[in-house]
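Novice: Sequence first, then the predicted structure:
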Amino acid sequence: MLARMRPALLAIAALLAASASTSVDASPSPTASAVDAAAPRVLVFTRTAGFRHDAIPTTIETLRALGVQAGVAIEASEDPARFDDATLAGYRAVVFAHTTREVLDAAQQAAFERYVGAGGGYLGIHAAADSGYTWPWYGELVGAWFARHPEGLQAVRVVFEQDHAPLGRRDWQAVDEIYDYRRNPRAGVRVLASVDPASHPAGRMGDDHPIAWCHTRAGGRAWYTGLGHDPALYADPVFRAHLLQGLRWTTGQTDDC
């Protein structure tokens, strides 16, 4: 009798085990469920043709988390084929995260120019200023091209403008790779943060060293931060709040960058 019942008992036990396993943590993760399917999309473009930053995966992960807060869906890609009129039209903003050297061909560049000129958003992080040296329009969009940086990481004092102090912190101590730029962008942009030259004796920007800024002169919204080389920086609440400000402004959620 027991021998005849054993297959049925085993089948019942298997069904109960399967039911228990599907009931444990069957809900989607908070990141996957918090952004509505109809949320505006943002493309994070990380193609490199020169130096490749170790921070790229951390940058993408951080932007995905910030996208949940901002109510936007983050898509990461290194495919330059996305830079055509039809594809770009599906994005509220495009992030150039640590791109280096020439990452788009002439047709793709022209499509991106049309996208920004029609009101699309651009957000550049760190080495985004080390891209497009043969593309003058891009140099105007990012605001200034990279020139050099001192060896290693630098401990510097970053001073934010009063209205753009992340978490209310106007004065912030940061450890990162600090860029010098080929020109001071201040004349054509709104500077959001500067490096205190007294805290950065290895810098060559003189008495005025902008490190983050925004503008609209290319037709759309452009926002850039020179910070973000060190993956450890992305755990800092001030830096995360700084990036969130840029994400919200470039996607049109606020009128003040």
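Specialist: Happy to help now that I have it. Numbers count the residues shown, from 1 in each chain.
Novice: mind listing what the residue nearest to residue 55 when sequence neighbours are not counted touches?
Specialist: Sequence neighbours aside, residue 231 is the residue nearest to residue 55 in space, at 4.5 Å (criterion: C-beta to C-beta, 6 or more residues apart in numbering). Placement of C-beta: from N, CA and C, glycine included. By C-beta atoms under 8 Å, 6 or more residues apart in numbering, the residues touching residue 231 are 54-55, 58.
Novice: And the residues you listed, which is closest to residue 207?
Specialist: Using C-beta to C-beta, residue 55 is the member of the contacts of residue 231 that lies nearest residue 207, at 29.2 Å.
Novice: thought that closest one was touching residue 234?
Specialist: Yes: when contacts are counted by C-beta atoms under 8 Å, residue 55 is listed as touching residue 234 (7.2 Å).
Novice: So those two - more neighbours on which side?
Specialist: For residue 55 versus residue 234, the count of surrounding residues by other C-beta atoms under 10 Å is larger for residue 55: 23 against 19.
Novice: Find me the pLDDT at the more buried one, would you?
Specialist: Looking at residue 55, its pLDDT reads 98.
Novice: Kindly report the same for residue 162.
Specialist: 84.
Novice: do the same with residue 217
Specialist: Reading off the confidence values, residue 217 has pLDDT 88.
Novice: Can you tell me, leaving aside adjacent residues, what's nearest to it?
Specialist: Counting by C-beta to C-beta, 6+ apart, residue 217 lies nearest to residue 188, which is 6.6 Å off, once chain neighbours are set aside.
Novice: Over to residue 163?
Specialist: Counting by C-beta to C-beta, 6+ apart, the residue nearest residue 163 is residue 256, at 6.8 Å.
Novice: Check residue 109 too.
Specialist: Nearest one to residue 109, counting by C-beta to C-beta, 6+ apart, is residue 135 at 5.6 Å.
Novice: Residue 183 too?
Specialist: Leaving aside its sequence neighbours, residue 183 sits nearest to residue 144 (C-beta to C-beta, 6+ apart; 5.3 Å).
Novice: One more: residue 224?
Specialist: Using C-beta to C-beta, 6+ apart and skipping residues adjacent in sequence, the residue nearest residue 224 is residue 124, 4.0 Å away.
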